[in-house]
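Novice: Starting from these lines, generate the structure:
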Amino acid sequence: MSTPEVYVIGGYQTDFARNWTKENKHFSALMRESVLGALERCNIDPEDIESAHVGNFAAGLYCMQGHLGAFFTEVHPAFSGLPTGRHEAACASGSIALLAAAAEIEAGRYDLQAVVGIEQMKTVSAAEGGAFLGTAAWYEQEAKDIEFPFPKLFGKLGDEYDKRYGLKDEHLAEISRINYDNAKLNPNAQTRTWYMNKEHALCRTDDNAEVGGRIRIADCSQVTDGAVCVFLASRAYAEKYAERGGMKLGDIPRIKGWGHNTARLRFVDKVFESRNDQFVLPHVRSTIANAQKRAGIADTGGIDGIETHDCFTTSEYMAIDHFGITAPGESWKAVEEGWLEIDGKIPINPSGGLIGAGHPVGSTGVRQLLDAYLQVTGQAGAYQVEGAKNFQTLNIGGSGTTSCSFLVGV
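Specialist: Predicted coordinates for the structure are as follows:
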């Protein structure tokens, strides 16, 4: 018996360059804009929504606010009484919300669901925010009393690559350059007006200071306020939606495959477990491969582009060989050959990724899925990958702890 299909109807992303605290706007306003924007853009009546899932990492820290599913009911009077819930898995919170919504559609519970990924991070100082992010690791053992723990953890990922295979800073700098260049094409990207090139990413001066080990400012994703709402639908709803819009059902993308794995929490334990494996983070590799297998796609040669979790340049470097674009330890080949560019062999992060577009933690997985939808429907504008029909995401929570991947296609 085949699994029921889950369709992606569309969605809306807020401008990731905005600072909602400076605008003196409450967390609820951020959610409201994303949901109402998605309803308008997709021409969906609020009364059609049957359930809602909210992905969020740390509103209880950044905003002193829990019970986020209830905030969905504040968006529109039609949502009063709606079944809702909040999902948390660090930077993979948005993807976990998507997985839960998709599972409920597959189970036949609902025909149309809203999924909101949201984070408001610019409410505190950089140091305090860094401590909050440290709770995505084993706080007492990996983050307590450590300034900016996550750059240091992902610096260790680079160190492990260097130990096993060798790693050059110039390849990490090129990854940074590509993401910043792509972000200039994205009207919602946080860094679309920023200056960055490979030479700046390579410089070792105060304006590109060390943050943690080999990780410097140019290697880091952004501290971002943002919300993204997408709608997932059953085949029955998608058929009615297509007929109403004068489309064919085949014009509406669906989630063809998904992957989800959770590794041990401490980074040192992950490295120890993978010591005899060709992949540094084998659970990330299996997540990617499982999504492709469920989609009936043999390997990455069957996809047209990737939106991956570049919280740091080292995590994108890892993703290259874990996607099978190169042999393990040879990610540098894809960088040097220009394969990652928008017009390259396998474009990565045409949106700008987390480094260029921004990283509101709970939003990222939902934003990646929305960008995959835009790509396969030809709506990505200036950062469109020509002829894209299948796009894959990789969303990572913690130091490679929770891994989620979706393969979206038409």
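
Novice: so residue 75 touches residue 31, yeah?
Specialist: Yes - between residue 75 and residue 31 there is a contact at 6.4 Å, judged by Cβ atoms under 8 Å. The C-beta positions use only the backbone N, C-alpha and C, and glycine is treated the same way.

Novice: What are the buried residues along the helix or strand of the chain with the lowest mean pLDDT?
Specialist: One helix or strand of the chain scores below all others by mean pLDDT, DSSP states H and E: strand 210-212, with a mean of 87. Using 16 or more other Cβ atoms under 10 Å as the test for burial, strand 210-212 gives 211, 212.

Novice: who does it pair up with?
Specialist: Partners of strand 210-212 in the sheet, by DSSP bridges, are strand 215-216 (antiparallel).

Novice: Quick check: mean pLDDT of the partner strand?
Specialist: The average of the pLDDT scores along strand 215-216 is 94.

Novice: Find the residue closest to residue 131 in space, skipping its chain neighbours.
Specialist: Residue nearest to residue 131 in three dimensions, not counting chain neighbours: residue 143, with 7.2 Å by Cβ to Cβ, 6 or more residues apart in numbering.

Novice: now swap in residue 310 and tell me
Specialist: The nearest residue in space to residue 310 (Cβ to Cβ, 6+ apart) is residue 316, at 3.8 Å.

Novice: Export whatever helix or strand the one you found lives in to PDB, keeping only CA atoms.
Specialist: Secondary structure from DSSP states H and E places residue 316 in helix 313-322. Presented in PDB, the C-alpha positions along helix 313-322 are these (Å, rounded to 0.1, in the frame of the first residue of the first chain):
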ATOM      1  CA  THR A 313      30.900  27.200   6.200                       C
ATOM      2  CA  THR A 314      32.100  23.900   7.700                       C
ATOM      3  CA  SER A 315      28.500  22.500   7.800                       C
ATOM      4  CA  GLU A 316      28.100  23.200   4.100                       C
ATOM      5  CA  TYR A 317      31.500  21.700   3.300                       C
ATOM      6  CA  MET A 318      30.300  18.600   5.200                       C
ATOM      7  CA  ALA A 319      27.000  18.500   3.300                       C
ATOM      8  CA  ILE A 320      28.700  18.400  -0.100                       C
ATOM      9  CA  ASP A 321      30.200  15.000   0.300                       C
ATOM     10  CA  HIS A 322      27.400  13.700   2.500                       C
END
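
Novice: Check which helices and strands it sits against.
Specialist: On a contact count with 3 or more Cβ pairs under 8 Å, 6 or more residues apart in numbering; DSSP states H and E, helix 313-322 meets helix 149-164, helix 169-183, helix 282-294, helix 331-336, helix 353-356.

Novice: Of all the ones you listed, which one comes closest to residue 265?
Specialist: Of all those, it is helix 149-164 that lies closest to residue 265, at 11.2 Å by Cβ to Cβ.

Novice: Extract the C-alpha set from the closest one and format it as CSV.
Specialist: C-alpha atoms of helix 149-164 as CSV (Å, rounded to 0.1, in the frame of the first residue of the first chain):
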residue,chain,number,x,y,z
PRO,A,149,29.9,27.8,21.8
PHE,A,150,28.4,26.8,18.5
PRO,A,151,31.1,28.4,16.3
LYS,A,152,33.6,26.5,18.4
LEU,A,153,31.6,23.2,17.9
PHE,A,154,31.4,23.7,14.1
GLY,A,155,35.1,24.7,14.1
LYS,A,156,35.7,21.3,15.5
LEU,A,157,33.8,19.8,12.6
GLY,A,158,36.3,21.5,10.3
ASP,A,159,39.2,20.3,12.5
GLU,A,160,37.9,16.7,12.1
TYR,A,161,37.8,17.1,8.3
ASP,A,162,41.3,18.5,8.4
LYS,A,163,42.5,15.5,10.5
ARG,A,164,40.9,12.9,8.3
